[in-house]
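J.: my questions concern the predicted model and sequence given below.
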Amino acid sequence: MAHAADLAYKDENAIESKAREWGFDRVRHHHTRFRPPFPLEDTQAYTLAGDRMIITGFRGTEPAQMRDWLSDASTPPWPGPGGKGFMHYGFGEALDSIWPQVHEAVAEFHDNGQTIWFTGHSLGGALAMLAGARLHFEEPHLTADGIYTFGQPRTCDRRLAQEFNAAFADRMYRFVNNNDVVPQLPPEPVFHHVDALRYIDSKGKLHEAMPVIGGLLDRAKGRTADVFAPASDGVRDHFINNYVDALEKNQR
């Protein structure tokens, strides 16, 4: 799923080539443009389908482009999927702009009882989580079998997070790499994370939770790892290639 999230940043030819390599014979590209009151101009994703599996990967954006508007505590909430709580307005607009294409592709490709998976990094992680929520709460006969996000920002209010946690127990995996700045935004208490945290520590080791005291010490260690640019740690930890590298090392 980390490789699939990374694939969302590639061009269409690269996506189609990798799809064939992975054994997926159908590919649909999704791209829309819109103008919300945030520095987002478009939303991009793809859907792959094979005999047993469907994957939709949502593209993210650079942390420098996200940090300012994610830090804005005045961002208005947006009604959540199926009337379940509220979500971040910018994420709601971004998903709305592309959801008809994604939904059509998933529904069309789901012709052999395939499992359904959503994934994404950064903004793409927020959209993957919300897409799973929308599919489940608005069409309960279609529920994602797994949602994997990497460097996902806080996406929704407490009620939607609770509803999502109940619906997606053991099917949601939210990966955070040490001091990655994006999962620390937007600010609490308005916005919250869903559960199912998988924490990658400063040494690249994967944990199923982040201990409060141990996590604080580990984050401090990560910030001082680069003596020449300690403030860059939060941005460096956000890059999708660092997630992929850490997870591959944990597989060995």
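T.: Arrived safely.

J.: just the helices in the stretch 51-200 of the chain please.
T.: With helices called from DSSP state H, counting those that start in this stretch, the stretch 51-200 of the chain shows them at 63-70, 89-109, 123-138, 158-167.

J.: nearest to H30, out of the ones you listed?
T.: helix 89-109 (4.2 Å; C-beta to C-beta). C-beta: built from backbone N, CA, C; applies to glycine.

J.: the closest one versus helix 123-138: what angle between them?
T.: Relative orientation of helix 89-109 and helix 123-138, computed by axes from the mean of the first three to the mean of the last three C-alpha atoms, to 10 degrees: 60 degrees.

J.: would TSV of the helices of the stretch 51-200 of the chain with distance to Y46, mean pLDDT and mean neighbour count be doable?
T.: TSV is the format used below for these (distance: least, C-beta to C-beta, whole Å; pLDDT from 0 to 100; neighbours: other C-beta atoms under 10 Å):
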stretch	distance to Y46	mean pLDDT	mean neighbour count
helix 63-70	21	62	18
helix 89-109	9	93	19
helix 123-138	11	96	27
helix 158-167	23	96	18
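
J.: now tabulate those helices in CSV and tack on distance to Q251.
T.: Listed next are the helices of the stretch 51-200 of the chain as CSV, based on distance: least, C-beta to C-beta, whole Å:
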stretch, distance to Q251
helix 63-70, 26
helix 89-109, 28
helix 123-138, 20
helix 158-167, 27
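
J.: out of these, which comes closest to A196?
T.: Among those, helix 158-167 sits nearest to A196 (C-beta to C-beta), with 7.6 Å.

J.: neighbouring contacts of the closest one?
T.: Contact partners of helix 158-167, identified using C-beta atoms under 8 Å, 6 or more residues apart in numbering, comprise 80-81, 84-87, 129, 132-133, 136-137, 143, 156, 172, 192-196.

J.: in strands only, show me those.
T.: Among the contacts of helix 158-167, the ones falling in strands (DSSP state E) are F86, M87, M172.

J.: quick one: which of these has the most company?
T.: Neighbour counts for the ones in strands among the contacts of helix 158-167, by other C-beta atoms under 10 Å, peak at M87, which reaches 25 neighbours.
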